[in-house]
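1. Provided below are the primary sequence and the corresponding predicted coordinates.
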Amino acid sequence: MPDPTRDAALDQLARAAYSLSAADSRLRGRATRTPGALSLTHARALRVLADTGPLPIGQLAAATETTGAATTQLVNGLAAAGYVTRERPVDDKRSVLVTLTDTGRRRHHERQTALAQALDTALAHYETPALGTATDVLRQLAAIYDQL
């Protein structure tokens with residue numbers, strides 16, 4: 001039996017997801033025009049490298065949920081900004097190892113601190129269980145988008 005209230009809530013969730021996607025696009029645009037700005041993909045790559053240490057392009061692509069070609073382009077931008085270096089391992093001349101620089105590590109920490117403060121401020125009125133539910137909903141939306 002249709003539930004108009006639930007249908008309306010799901011419609012509002014879909015609209016909010018579109019707004020989030022649009023905000024990501026605007027952020028990507030700023031990242032291409034503004035020195036020091038980081039897109040979500042850039043920030044994700046810096047976070048992965050900060051958490052795991054140096055990675056080959058293929059593993060960085062998997063960890064950032066992007067393609068190898070997109071990751072190569074991403075690494076080019078991060079290297080131009082001085083956030084990462086690319087090195088060929090001595091034992092494998094076909095591979096490229098991406099390493100976070102000190103500048104990249106500092107930029108990652110700045111971004112993480114700003115994000116944590118923004119989330120804490122904007123979501124202060126939500127209790128911890130609600131934040132867990134929001135996290136689950138966002139992960140489900142990602143899975144839905146992968147199926148579309």
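-> Received the coordinates, thanks.

2. what's the burial count for the closest residue to residue 17 other than its chain neighbours?
-> Leaving aside its chain neighbours, residue 17 sits nearest to residue 141 (5.4 Å; criterion: CB to CB, 6 or more residues apart in numbering). Using the backbone N, CA and C atoms, a C-beta is placed for each residue, glycine as well. Number of residues near residue 141 (other CB atoms under 10 Å) recorded here: 16.

3. Return the distance of residue 141 relative to residue 21.
-> Going from residue 141 to residue 21 by CB to CB, to the nearest Å gives 10 Å.

4. before we move on, the earlier item: and the residue nearest to residue 17, what element?
-> Following DSSP states H and E, one finds residue 141 within helix 128-147.

5. That helix: which residues count as buried?
-> Within helix 128-147, the residues that count as buried by 16 or more other CB atoms under 10 Å are residue 141.

6. At which residues are the helices of this protein located?
-> Assigned by DSSP state H, the chain shows helices spanning 4-33, 40-52, 57-64, 68-80, 102-122, 128-147.

7. Specify the stretch among those helices that is closest to residue 89.
-> For the helices of the chain, the distance to residue 89 is smallest for helix 57-64, at 12.0 Å, taking CB to CB.

8. Also compute the angle for the closest one relative to helix 40-52, please.
-> Interaxial angle of helix 57-64 relative to helix 40-52 (axes from the mean of the first three to the mean of the last three CA atoms, to 10 degrees): 110 degrees.

9. Just want the angle from helix 57-64 to helix 68-80.
-> Interaxial angle of helix 57-64 relative to helix 68-80 (the same axes, to 10 degrees): 100 degrees.

10. Show me what helix 57-64 is packed up against.
-> Secondary-structure packing of helix 57-64 (3 or more CB pairs under 8 Å, 6 or more residues apart in numbering; DSSP states H and E): helix 40-52, helix 68-80.

11. Can you verify my assumption that residue 64 contacts residue 74?
-> Yes. Counting by CB atoms under 8 Å, residue 74 is a contact partner of residue 64 at 7.4 Å.

12. residues shared between the contacts of these two?
-> Common neighbours of residue 64 and residue 74, counting by CB atoms under 8 Å, 6 or more residues apart in numbering, are 41, 45.
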